[in-house]
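> give me coordinates for this.
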Amino acid sequence: MKTVTLYTDGACSGNPGPGGWGAILAWEGHEKELSGGEISTTNNRMELTAVIRGLEALKEPCVVELYSDSKYVIDALEKGWAVGWQKRGWVKSDKKPALNPDLWERLLELCRIHQVRCHWVKGHAENPKNNRCDELAVAQWKRLKGE
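Alright, predicted model coming up:
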C-alpha cells in the first residue's frame, strides 16, 4: 500500500456559524489541496469534514499519516472513543449523545478502508502544512460570510 500524508484543519466564524475546512494530501513530492465550507456549521464538524474529504480523495486503500490540530478528532480515533460511541448507538460513556454521528459514521467507514495513523500537531505553530490548511479553511468561511 502507498503511504500518503494528510494534513487537515477546520475553522468557523462563530460556533455555529459559517465554516471552512482545508486538507493537503502529499505523496512522493506531489501535493493536492482541497477545501470547502458550509454556511452554518461548527468547528468540530469542519475538522471532521476535512479528514473525510481527504480520505475520500484517495483512489485506493492507503496507509495515511494524518496530521491534525484537533484533539477531538485525534483522540476519538486514537483512543477508540468513536468506535465505542458507535457500538453504543452514538452514546458516550457518560450516557450523553455523541455529537456529529453522521460524520463519525463516514469517517469510521473510511478508516476501515485505509490504515490511518494519527498525529496531533499544535495549531497555529511551526507546521507549515497545518498553517496552510488553516488558511484554506479560513478563506472558505470568509467567502461564505461575504468578506
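
> contacts only, for residue 91.
Applying C-beta atoms under 8 Å, 6 or more residues apart in numbering to residue 91 gives the contacts 85, 97-98. Heads up, the C-betas are built off the backbone N, CA and C, glycines and all.

> do residue 12 as well
Residue 12 makes contacts with 18-20, 41-43, 46, 141, as judged by C-beta under 8 Å, 6+ apart.

> hmm, try it at 6 Å
Counting by C-beta atoms under 6 Å, 6 or more residues apart in numbering, residue 12 makes contact with 19, 43, 46.

> could you check how far it is from residue 78?
Going from residue 12 to residue 78 by C-beta to C-beta, to the nearest Å gives 23 Å.

> of the contacts of residue 91, buried ones?
Taking 16 or more other C-beta atoms under 10 Å as the criterion, what is buried in the contacts of residue 91 is 85, 98.

> next step: the contacts of residue 91 restricted to strands.
Among the contacts of residue 91, none falls in strands (DSSP state E).

> include distance to residue 31 and pLDDT when you put the contacts of residue 91 into JSON lines, please.
Compiled in JSON lines, the contacts of residue 91 are given as follows (distance: C-beta to C-beta, whole Å; pLDDT from 0 to 100):
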{"residue": "85", "distance to residue 31": "33", "pLDDT": "97"}
{"residue": "97", "distance to residue 31": "38", "pLDDT": "96"}
{"residue": "98", "distance to residue 31": "33", "pLDDT": "96"}
